[in-house]
Structure formats: structure tokens, C-alpha cells
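Undergrad: Quick one: sequence and predicted model below, then my questions.
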There are 2 protein chains.
Amino acid sequence: MLNLRRPAGAYTSGNRVLDALPAGDRIDLIADLEVVNFAAHQVTHEVGAFLGHVNFPIDAVLSVVATLTNGDTVEVGTVGSEGFVETDAALHSSLANRTSFCQVRGMVGQMSMARFTSRMATSQTFAQLMRRNVRASLFSAQQFAACNVKHSVQERCARWLSMTADRVGGTEFILTHDLLAIMLGVRRSGVSEAAEALQRMGAISYRRGAVTVKNQKLLNDSACECYEACKHAFSSALRE
Amino acid sequence: MLNLRRPAGAYTSGNRVLDALPAGDRIDLIADLEVVNFAAHQVTHEVGAFLGHVNFPIDAVLSVVATLTNGDTVEVGTVGSEGFVETDAALHSSLANRTSFCQVRGMVGQMSMARFTSRMATSQTFAQLMRRNVRASLFSAQQFAACNVKHSVQERCARWLSMTADRVGGTEFILTHDLLAIMLGVRRSGVSEAAEALQRMGAISYRRGAVTVKNQKLLNDSACECYEACKHAFSSALRE
DNA sequence: GGGCTTCGGTACGCTTGCGTACGGAAGGAA
DNA sequence: TTCCTTCCGTACGCAAGCGTACCGAAGCCC
């Protein structure tokens, strides 16, 4: 997953945004990135907090959530190795607009805010990549807004599982129905029913606290269009 | 509304983002802005379109919508004189990620993409203001995502009407129940029922095709927290 | 003024999903 | 092993909102 040095200086970090940089820009990332492990449910930063560094997921999956005054929490963004969550940093702010936390445990490459800011200022390529990613995050949040009002619980479950499966390396990952329900803003038992249906059709199987994707295509097809839309938004942010 | 020149060179455009610029930066806005009138329902740009210019509303209200493959359309952002809709432009892209159109007719200050880009490059103050506004737009889209899944039709109606009332100069504006229903992603008759309730309590009154805010406080109090949250996000983007 | 379109009031049965609750089972802790 | 917590299956009545439909009225066009 993490390939610290290759002969031609083609350092790859494991984060696809950083790896989309031209090889020359990537070499000195070694000095800038500290690889840390995030545990599941570990909060990366609370809303309003000072952003000390920017997190570039390698095989971890991070979630951005909006917290309502009654304590309800709804997921408004998810990021894996195709991005980073600190959109505020890329918009020259060092205060977090939203809380985010680790959804699926794994490695994250951390860049200090100072290094990040300095790279933004000195490398147009870097800055442009970050901005494209912000664009994808905005698109994705907008898509979620429409999705949440137009698509069924089952479609949204499938969407979430599809998205997460893409971001996790393997086919199995840790997840309780309860947490997924909170992310989607629905009942726990609603998720249990949807998961049951997806399992019956052979798309997934699950045991206590973990999901396995059995048939990726079936799962994707059960998801609403928002899965493909967001996937496309993030992948084109890397290539464009 | 539009004050073309004042003695000390304190030109004000009527758009609060532009007017938040230091007086020195504002003077030459005269050359950069063309004030045009948008008709209700006029599309400012379709998704995927080339952005020829950036629209800074003066007394018009613009909406950003996500269009689903079945043709359903849901509002994912609204902007009045406190912002601008072309977040893509501020992120150095000249392609529109979303469709946007004029919700409430009125004046808009248009800046060509070339001028906008050049200002972004030459004035850090300008660029920073634009980025702050993008941040508010992102925050707002995220809030909508949570709102759409957690709040009732009536709360969301009140939220929308409160937001729009703030953006329109006066207390009355043109609006059909049908259009509001489309924006919120709900039934037309659902909006009619909510509007009836808001009218009964004395918050608004309406006639065929138009709404009048009778009691702003009552209306705000009927709205969900998302009204205040978004209002705060956009206003702090101007001050911070 | 007459005709036609658009808009809003209202109603119907129906579906989805909510809130809640209870019990069983998995699996970690002691 | 036993206990205890966490997680999931399932069920119930209920509320919100959907899809649809019909009608009358407002208001525009000719």
C-alpha cells in the first residue's frame, strides 16, 4: 500500500490526489507526509476546531458530518484515497466548518497545515488539484442533498455501501447497521431491513458488525444514480 | 439599489461580496461590472456549460439545482446579494457543475470570466473573499443535505421563505406553490398545506403566484435551524 | 367579454418510514 | 464458563408525505 521509494523517484503515497501530481512534485512529499493510523470512530477534527494538518487517506475512509442542534448527525461527505476532507484548508481557512471522523480504520498521510499552505502557494499544480477536489466535494454534498430527499432508504444504503467498498481495499469492512442509519439519517431498523433485502438478492452478506460485498455489480445497480455521479466527480477531479 | 459613484470613490455595486472589498479595490469595479436584468426562471447557465461570466446578484435571487436522471430537480443552493453562484469559477474551472437559474427577477452585476480570473490572480483580497463564499456555499449544501432528511415540509418551506425574504428587498415576491415544491423536492399540495398553516398563524399571506411576509419573526421561528445556520455562514464569509 | 391556461384548495387511498420495543444471539470480558 | 454488552431480527401502531385527481377561481390573451 505504501511504497516509500522507487528507483526513478516515482514516490507514491497511496493517496490518489497526491499521486496525481507530476513525478517531480511527488518526490519531496516524503518529507511532508507523516503516515498515521486512524482507529474507527476516531474524530479527525471537530467543527470549529483549528486545522493543524490535512489528512490524505491511504486506505482509511473518513466521513464528514453535519450535527444538528438536537444532536442528530448526518453524513454530508465521505472521502477515501481519492481525496481529503479538509476542504476548508484548500480554501485558505484553518478552521473546520464540519466535524469529520474515521469511518473505516486505516492509514492516512498527514501533511502539516504549514506545509500544505506553502505547497498551495508554491505549486500551481498542487493548488489546482486541491481546488478540483473541493469542487468534487461540493458536487457531492449537493448530490447528497438531492439524494436524501428523492431516494429510498434501500437505494441510499446500497449507494453508501458501494461508495465505501470502492474506498476500502478489500470486500469486507467493519460497519454496524446503527452507524449506517445515523449516517443516512434513518432508523436503525430501516437499515436492517434494507440490508436484509440486499443480502437476499446476493449483493452483500453480513455478520455482526461487518459487511462483505458479494456482488459488486448487483450492489451498484441497487444504488441510486448518486453513487456513479459522485464517483465520477471525484475521479475526474484527478484527471481533468 | 445601484449607486454608481459617490464622492470619495466609495463605489458600491449593490452586491455585498463586492462591496466588502476595500474601497480601493472597488473603484475600478465600474469598468468590470455590467448590470443586467434577469427574468424569473431565466437560466443563468446549464450544467456542463462554459462559464462566460460570473453573476453577482444585486436584488435578484438565483438558485442552484441538481437534476436527477428522471428529470427531478432539487434546489441545492440559493444566492442573493450576499454571494454569487459560480463557485466553479472561484475554483479555477470554467465549466458549470450545476444548473442555476433566476428565482426572483432583478438586477445582477456580471463580470466576464476573463476579468474575474484576472482579479483572482492579482488581488489576494478579492480571491480570499471568493474562496470564503465558496466555503459558505459548501456549508450550505451540506446543511441542505441534513435538512432534507431531518426536517418537515413545513419547516423547510418556512426556511426557504425566510431565506428568500432576506434576499429580496421587500416583503412580497413572486412564487408559486408548484415551484417551491420542486425546489424542496416535495409535492405541490404538500407546499399548499404548509403555506396554509403558515398563513393561518399570521407569518405570511399569499395570493395567486405571490407571497407576502407578514411577520418575519414568526416565519423565522417556524423555520428549522438551517435558516440561521446558512445565514450565518454567508454573512461571516463577508466579515471574517 | 369570452375562452383558456395556470394556480391553489382539497381529498382519497396508499406507501414509506418513524418511534418504539422486545428478544435472541454474538462475542468480548472477567 | 458465565456475564454483560452490543448488535440485529422483527413487529406494531402511527404519522408524514406521496401520487393522483378534481374543481373552482384568478388572471392573461385575444
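TA: Noted; the coordinates are in hand.

Undergrad: doesn't A:T78 make contact with A:P57?
TA: No. With contacts counted by C-beta atoms under 8 Å, A:P57 stays clear of A:T78, the gap being 10.0 Å. Placement of C-beta: from N, CA and C, glycine included.

Undergrad: which residues are common contacts for the two?
TA: When C-beta atoms under 8 Å, 6 or more residues apart in numbering or on different chains defines a contact, the residues bordering A:P57 and A:T78 alike are A:R167.

Undergrad: If you count surrounding residues, which of these two has more?
TA: Between A:P57 and A:T78, counting by other C-beta atoms under 10 Å in any protein chain shown, A:P57 is the more crowded of the two (28 against 25).

Undergrad: Could you give the bridge partners of the more buried one?
TA: Counting by DSSP bridges, A:P57 forms beta bridges with A:V108.

Undergrad: Mind checking if the lengthiest helix in chain A is in reach of DNA strand C?
TA: In chain A, assigned by DSSP state H, the helix with the most residues is helix A:124-150. No. Helix A:124-150 lies apart from DNA strand C when judged by C-beta under 7 Å from any atom of the strand; the minimum separation is 9.8 Å.

Undergrad: Against chain B, how distant is A:L68?
TA: Look at A:L68 and chain B: by C-beta to the nearest C-beta, to the nearest Å, they are 6 Å apart.

Undergrad: Might you report the residue contacts of that residue?
TA: Applying C-beta under 8 Å, 6+ apart to A:L68 gives the contacts A:V74, B:A146, B:K150, B:E225.

Undergrad: quick check, nearest of those to DNA strand D?
TA: Set against DNA strand D, the nearest of the contacts of A:L68 by C-beta to the nearest atom of the strand is B:K150 (9.9 Å).

Undergrad: you'd agree that closest one is up against A:V74?
TA: Yes. Between B:K150 and A:V74 there is a contact under C-beta under 8 Å: 6.5 Å.

Undergrad: so what sits against both of these two?
TA: Between them, B:K150 and A:V74 share these contacting residues under C-beta under 8 Å, 6+ apart: A:L68, A:G185.

Undergrad: more neighbours, these two?
TA: Taking neighbours as other C-beta under 10 Å, B:K150 and A:V74 compare with A:V74 leading, 23 against 20.

Undergrad: Just checking: what are the partner strands of the strand or helix carrying that one?
TA: Here A:V74, judged by DSSP states H and E, is contained in strand A:73-79. Strand pairing for strand A:73-79, using DSSP bridges, gives strand A:61-67 (antiparallel).

Undergrad: picking up where we left off before, dump the strand holding A:V74 to PDB, keeping only the CA atoms.
TA: Extracted in PDB, the C-alpha atoms of strand A:73-79 (Å, rounded to 0.1, in the frame of the first residue of the first chain):
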ATOM      1  CA  THR A  73     -25.800  13.700  13.000                       C
ATOM      2  CA  VAL A  74     -26.000  13.200   9.200                       C
ATOM      3  CA  GLU A  75     -23.200  12.400   6.800                       C
ATOM      4  CA  VAL A  76     -22.600  15.100   4.200                       C
ATOM      5  CA  GLY A  77     -19.400  13.700   2.600                       C
ATOM      6  CA  THR A  78     -17.100  10.700   2.500                       C
ATOM      7  CA  VAL A  79     -13.600  10.500   1.400                       C
END
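
Undergrad: can you pull the buried residues of the helix or strand that it is followed by?
TA: Counting by DSSP H and E, the element after strand A:73-79 in chain order, helix or strand, is helix A:87-90. Buried residues in helix A:87-90, defined by neighbour count with 16 or more other C-beta atoms under 10 Å in any protein chain shown: A:T87, A:D88, A:A89, A:A90.

Undergrad: which residues sit against helix A:87-90?
TA: With contact meaning C-beta under 8 Å, 6+ apart, helix A:87-90 is reached by A:51, A:54, A:84, A:94-97, A:113, A:116-117, A:120, A:130-131, A:133-134, A:137-138, B:135, B:138.

Undergrad: With stretch A:36-46 instead?
TA: For stretch A:36-46, contacts defined as C-beta under 8 Å, 6+ apart pick out A:51, A:55, A:60, A:62, A:85-86, A:96, A:99-108, A:110, A:174.
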